[in-house]
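Visitor: Next come a sequence and a model predicted from it.
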Amino acid sequence: MEIFINNKSYTAEDGETIIQIADKFDIHIPRFCYHKHLSIVANCRMCLVDIEGFKFAQPACSTLVQDGMKISTQSAKTKNAQKSTMEFLLINHPLDCPICDQGGECELQDVSLEYGDDHSNYMQFKRVVVDRDVSPLISTDMTRCIHCSRCVRFGEEVAATKELGLLDRGENMKIDSFIEKNIDSELSGNMIDLCPVGALNNKPYRYSARTWDLSQKKGISPHDCIGSNIFYHIYNNKIVRAVPAENENINQTWLSDRDRFGYEGIYAEDRCKRPMIKKNEKLLTCDWDTAIKTLNQNLNTLKNEKKLDSLGCLISPQSTCEELYLFQKVFREFGANNIDHRTIEKDFDYQQDYPVMPTLGCDIKDLEAYDNVILVGVNIKKEFPILSVRMIQAQNKKTQFFSINFQSSNEDFNPAISLALRNDQLREFLDYLSNKTNKPNYIEEKMFHYIFKYIKSNKKNLIVIGPSIGQLPNQTEILYSLNQYSKKINADFGYLTEHCNNTASWLLGVLPHRLPLGKRVDKEGLNAYQMIEKKLSNYIFYNLEPECDFWNNDLVEDALKTSKMNVFFSSFMTPFIAKYADIVLPISTFAETHGSFINIEGSYQAYKQIIRPKKEIKLGWEVLNNLLFINGANNYTFDTLQNEIKNNIQDFDVTTNNNFKLSNQPLKYIQKDIFKFTLRNTYNTDQIVRRSKSLQQTRTGKLKNILLSNDLFSSHKKGYLEFIDKDKNIKSELYNSDQSLPHNTIAYQSYKIGDAFVGARTGTVKIKS
Amino acid sequence: MTLICTETYSKQEPASLETYLTLEGYQAWQKILNNKISKSEIINQIKESGLRGKGGAGFLTGLKWSFIPISDEQKYLVCNSDESEPGTCKDRDILRYNPHAIIEGMLIASYAIGASVAYNYLRGEFLDEQWKVFNKALEEAYQKGYVGNNILSTGLTINIFPVLGAGAYIVGEETAMLEAIEGKRGMPRIKPPFPAIKGLFAKPTIINNTETLATVPKIILKGAEWYKSLGINNGEGVKIFCMSGSVQKPNNFEVPLGTPFSNLLEMSGGVSNNSKLKAVIPGGSSVPVVKGELMLDTNMDYDSILKANSMLGSGGVIVMDETICMVKVLQRISRFYYGESCGQCTPCREGTGWLYKILTNIIDGNGTINDLHELERIAGLIEGHCICALGDAAALPVKSFLNNFWDEFEYYIDNKKSMVVG
């Protein structure tokens, strides 16, 4: 149809609103309550426009276009209506722009420049609203609120956890949390962006800079495998805050709190600042030349003595593609075979048949095309908060979710079924779904009834395997059963991985059994678990925290104790590193280097250096490149390196990649004693968020207690918990019961420094009576 | 005089089923069920009768019913008993003395629009009396089988649920009422979509006033022509007027539309305080005020009152004699809208408070002549710029009071006291 705005003709579709057309053609209409990803409420009345045939100006955000409609955004009627709204908005607004963090990027400020008056006719007292401390991440100055209700609608519609609402009415209406509750959502930071004024602001950023002094650099989130696009805002070479960079395919206009505030970890006090070498049992600082030369010498000695089998090379999949690629290249050039990134895994029998690169099996935006999504071993809300948004959207479009985890998952969307199963039960359950033999008696009949009714092979099904499955001692078995089941129901098969770049780690051959692009190695090396368990005499750790990033930190300590050379490429100086390192090479974090990540849908996303590191901290890829160079290889520049990687992976077809079948049926795992596993606490998933002060202050960040299933808790009478893990006794008073756990199960809240030292991530444990 | 809604008022035990049955109660309902009168026939009959909504807007009831789409989806009827307009107390008495007429009207309306569920939303202040009376009547109707599943063995199902409000004026606005019934914050919705297309729980819904629905049974029983003949052209039938303020005997009077105001005033015993008539608000506090002498020449029907620059509204007639201070009246009215704005739209949320604060300033003796111009200007900025009519309701009285009684306001400002004695 044809409509006219300011006497110019535009084509519009049925069902579009005036503001959508105006935005499409860059015609300015001021607005506060309207947001393209939120429902329309038309309550701010800022977008009132003059439409021919209407006595009064109508809101552009809620008025649907009609053929031949004549709209004026410039007429006196429009201007008067908008100016009157502006006048009303400003009478009770404190106009404290000089001390408001929103100043300079405030929508009210912008619009008042055009529509506001230079003096006020309002002579009465202004409204004052008392603030409450609702979150360690969001500061509130509710006197500034203009009641657009974007934050309320965000909670209702996007995050599906209503934490803010409208209280009272009329002039006394205020935005507040119910019953004095906190804002605990993992997506709460988005309300800061949505707030058009300075009512909800970024608390950690508060009063640290004026917005017009900031510069902006684009980055990719390193905290999960979704790869959210972020703008980092920099003041004096320091990241002071992060906001979402719009990407309709990935994070839309949203960002999880972990992505928004995680960067604080870069500024942790325990950053490694200088290279160090151990001399006479003491770790002393040295210059880079000495450190690199010593490392090179040691490696060459190993090479010459043909002892490279005693070298274990481990790298975190949180590293950039460039670091991952160079890492395997450098140590393969020396002749090492023991190369791996899967430090949190135990069972590797699956590895020969595994896809070249694990992916989600579909694009993130296409999740809503599925009828059923079966989530196995993942709690989306806690582990991939930004994905919650997509799943809520999918659910609104009638996708059903089924959640099977070790703890019945508390999600923002509503899974049709949420089961909590132990690792042994999980296989029995899956096998029953596939074969309908040996029916498990611990699951209610109606659950099966529901599953068989809805999950059928003629529907579009997706099975998503979460990172917790990787930690299981019987991972292969579960993968095998899931695979059987996926064939039965004709489901697509997808993964959500532990870190942001597990995808690239597989694709670029950071593995003991594969070269880049899945090519076979001549001689297969040890996997990550074997390297630790076999107590090798030399280790290279890249970007890894020995306390937290391994399947069993007890074994890591044993291995570090007995080995001859421990080299840490690390950004942080942990207690283990201080105690056991022979060489420490301080390297950049994600923000201090150029880099790239491949997200879980297979999108390769590169970014440029965001801030410069401290003088003695080197970019990780440069250090690796230096090692290559002094051994006679060509010197890479970052561009030649990145191009080499891009050329390598450009022909790789993501879509056909997830088809995989295990050749041998694994043996049945038998769970003795109590099943224990480690929860992936949202703010504990990688070494950077672990160090983000603001995130650690949230309710989620503070969680510490060991969780006992109800049956264990009720049979346990003591004031403390004493249990035997392998052969050591552990005592703890920090425990409570959790009814979302299956029988006979213990869950560790987290795996971080300062918490109970927990040994293996998953396995068995005995409670001492 | 023909009484419809108020027919039972003078009887012993007016609210009881027996009383209602002796006055041809539920006969219209039985007539429909027995003769299997079609839905369209009922809607046509209501259309022909010229019955208008009696809550305030005066929209043609039959036309409203005909907007309901013909489909198999769930539909709802909502009876609006959230009578909160200052000066209005007609529904209060119908609920108290003639609840069965409401129930029968709700049944007929539900049948006509194909709704199997109907809600009656009562204002929270009705908890003590009307709520109990209505519930008791509903129970009786259920026992007799007029309401419920398989009504009078015809297989028809209509269930009626009373809902009690929590004291917000704005919920009397039809879409805010739908929000409130859904358990949400009572805030008006954007129209379109209109409730007849997307109403309660996003299903087609008709919302009618209590008095409107209580009138329906008699129209069905006695025919459209009969009802029409009671009133005048474009003012068909009867209407309850709630006479309050400076009258000797304030009361509800059900009179034919077109009755001269002077007759109504006489029925309520004339102006009190041995004083003269000064001003009248003819249709609840939201409508413009009319000067007394003009009102005495005006008939109580839609067109005549419109000619006097006001509106018939809800029929809440507030009479003011010469001893009443118009400045204080306006301040009181403004305070009401200031307190009752839901807070959703900017002009109403901020503007109603502004109006009240300026008026209070004048009452306190701190006003300036400029304040009067400011009041007019602010009222103009609110008008027509909000989602619902509450903004207009707050603006219109300000404009009309200033328009009609500017001198009195000016006097107050100059002398820091009221022009009238007292």
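Guide: That came through, no problem. Residues are numbered from 1 along each chain as shown, chains lettered A, B, ... in the order given.

Visitor: Distance check, the residue of the stretch 51-200 of chain B found nearest chain A against B:Ala109.
Guide: Going by CB to the nearest CB, chain A is nearest to B:Ile190 of the stretch 51-200 of chain B, at 4.8 Å. C-beta here means a position set from N, CA and C on the backbone, and glycine is covered the same way. Computed as CB to CB, to the nearest Å, the B:Ile190 to B:Ala109 distance reads 25 Å.

Visitor: When the two are compared, which one has more neighbours?
Guide: B:Ala109 (26 against 16; other CB atoms under 10 Å in any protein chain shown).

Visitor: tally of neighbours for A:Asn80?
Guide: 16.

Visitor: Just give me how far stretch B:204-217 sits from the chain centre.
Guide: Put simply, stretch B:204-217 sits 11 Å off its chain's centre (CA atoms, centre = their mean, to the nearest Å).

Visitor: now the strands for the stretch 151-300 of chain B?
Guide: Under the criterion DSSP state E, counting those that start in this stretch, the stretch 151-300 of chain B contains strands at B:159-164, B:205-209, B:238-245, B:251-256, B:259-260, B:277-281, B:290-291, B:299-300.

Visitor: In CSV, list those along with mean pLDDT and mean neighbour count.
Guide: Formatted as CSV, the entries for these read as follows, by pLDDT from 0 to 100; neighbours: other CB atoms under 10 Å in any protein chain shown:
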stretch, mean pLDDT, mean neighbour count
strand B:159-164, 97, 17
strand B:205-209, 97, 26
strand B:238-245, 96, 24
strand B:251-256, 96, 20
strand B:259-260, 96, 19
strand B:277-281, 97, 25
strand B:290-291, 96, 20
strand B:299-300, 96, 22
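
Visitor: Identify whichever of these lies nearest to chain A.
Guide: Per CB to the nearest CB, nearest to chain A of the strands of the stretch 151-300 of chain B: strand B:159-164, 18.3 Å.

Visitor: The residue sitting nearest the centre point of chain B: helix or strand, and which one exactly?
Guide: What sits nearest the mean C-alpha location of chain B, by CA atoms, centre = their mean, is B:Gly55, with 2.7 Å. In this structure, B:Gly55 is located outside every helix and strand according to DSSP states H and E.

Visitor: Kindly reformat the strands of the stretch 151-300 of chain B as JSON lines containing distance to A:Ala504.
Guide: JSON lines is the format used below for the strands of the stretch 151-300 of chain B (distance: least, CB to CB, whole Å):
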{"stretch": "strand B:159-164", "distance to A:Ala504": "59"}
{"stretch": "strand B:205-209", "distance to A:Ala504": "55"}
{"stretch": "strand B:238-245", "distance to A:Ala504": "77"}
{"stretch": "strand B:251-256", "distance to A:Ala504": "80"}
{"stretch": "strand B:259-260", "distance to A:Ala504": "86"}
{"stretch": "strand B:277-281", "distance to A:Ala504": "75"}
{"stretch": "strand B:290-291", "distance to A:Ala504": "79"}
{"stretch": "strand B:299-300", "distance to A:Ala504": "82"}
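
Visitor: Next, format these as CSV and append distance to chain A.
Guide: Putting the strands of the stretch 151-300 of chain B into CSV (distance: least, CB to the nearest CB, whole Å) gives the following:
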stretch, distance to chain A
strand B:159-164, 18
strand B:205-209, 20
strand B:238-245, 25
strand B:251-256, 30
strand B:259-260, 32
strand B:277-281, 22
strand B:290-291, 23
strand B:299-300, 27
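
Visitor: Determine which of those strands approaches A:Glu246 most closely.
Guide: For the strands of the stretch 151-300 of chain B, the distance to A:Glu246 is smallest for strand B:205-209, at 38.4 Å, taking CB to CB.

Visitor: so what strands line up beside that closest one?
Guide: Using DSSP bridges, the neighbouring strands of strand B:205-209 in the sheet come out as strand B:76-81 (parallel).

Visitor: Based on its surroundings, how many neighbours for whatever residue of the stretch 301-450 of chain A ends up closest to chain B?
Guide: In the stretch 301-450 of chain A, the residue found nearest to chain B is A:Asn396; the distance is 13.7 Å by CB to the nearest CB. By other CB under 10 Å, the residues close to A:Asn396 number 12.

Visitor: in the stretch 51-200 of chain A, which spans are helices?
Guide: A:76-91, A:107-115, A:150-153, A:190-194 (DSSP state H, counting those that start in this stretch).

Visitor: can you map out the strands along the stretch 351-500 of chain A?
Guide: Taking DSSP E, counting those that start in this stretch to define them, one finds strands in the stretch 351-500 of chain A at A:372-376, A:400-405, A:417-420, A:461-465, A:491-495.

Visitor: pLDDT of the next helix or strand after the last one, averaged?
Guide: It refers to strand A:491-495. Following strand A:491-495 in sequence order, the next helix or strand is helix A:502-507 (DSSP H and E). Along helix A:502-507, the predicted confidence averages to a pLDDT of 95.

Visitor: Send me helix A:502-507 as CSV with only the CA atoms.
Guide: Output of helix A:502-507 as CSV, limited to C-alpha atoms (Å, rounded to 0.1, in the frame of the first residue of the first chain):
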residue,chain,number,x,y,z
ASN,A,502,35.9,-25.4,21.7
THR,A,503,34.6,-25.4,18.1
ALA,A,504,37.9,-23.9,16.8
SER,A,505,39.9,-26.2,19.1
TRP,A,506,38.4,-29.2,17.4
LEU,A,507,38.5,-27.7,13.9
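
Visitor: got the residues of chain A near chain B?
Guide: The interface of chain A toward chain B, taken as CB under 8 Å from any CB of the partner chain, is made up of A:40-46, A:48, A:55-57, A:59, A:62, A:64, A:81, A:84-85, A:87-89, A:91-92, A:121-124, A:146-147, A:165-166, A:168-173.

Visitor: Please identify which of the strands of the stretch 351-500 of chain A is closest to A:Leu426.
Guide: With respect to A:Leu426, and counting by CB to CB, the nearest of the strands of the stretch 351-500 of chain A is strand A:400-405 at 6.9 Å.

Visitor: Could you measure from A:Asn705 over to A:Ile344?
Guide: 22 Å.

Visitor: Who has more neighbours out of the two?
Guide: In this view A:Asn705 and A:Ile344 are compared by other CB under 10 Å, and A:Ile344 has more residues nearby, 24 against 19.

Visitor: ok, the more buried one - contacts?
Guide: Contact partners of A:Ile344, counting by CB atoms under 8 Å, 6 or more residues apart in numbering or on different chains, are A:467, A:470-471, A:498, A:549-551, A:761.

Visitor: so which of those residues is the most crowded?
Guide: If you count neighbours using other CB under 10 Å, the busiest of the contacts of A:Ile344 is A:Glu498, which has 28 neighbours.

Visitor: picking up where we left off before, for the strands of the stretch 351-500 of chain A, which one sits closest to A:Tyr263?
Guide: With CB to CB as the criterion, A:Tyr263 lies closest to strand A:491-495 of the strands of the stretch 351-500 of chain A, at 26.2 Å.

Visitor: Alpha carbons of that closest one, as CSV, please.
Guide: As requested, C-alpha coordinates have been extracted for strand A:491-495 and formatted as CSV (Å, rounded to 0.1, in the frame of the first residue of the first chain):
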residue,chain,number,x,y,z
ALA,A,491,16.5,-35.6,15.4
ASP,A,492,19.3,-33.1,14.6
PHE,A,493,22.2,-33.4,16.9
GLY,A,494,23.9,-30.4,18.4
TYR,A,495,26.3,-29.3,21.1
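
Visitor: Which strands or helices does it pack on?
Guide: strand A:461-465, helix A:475-488 (3 or more CB pairs under 8 Å, 6 or more residues apart in numbering or on different chains; DSSP states H and E).

Visitor: Next, count neighbours for residue 402.
Guide: Defaulting to chain A. By other CB under 10 Å, 21 other residues sit near A:Phe402.

Visitor: my bad, chain B
Guide: Other residues within reach of B:Leu402, judged by other CB under 10 Å, total 19.
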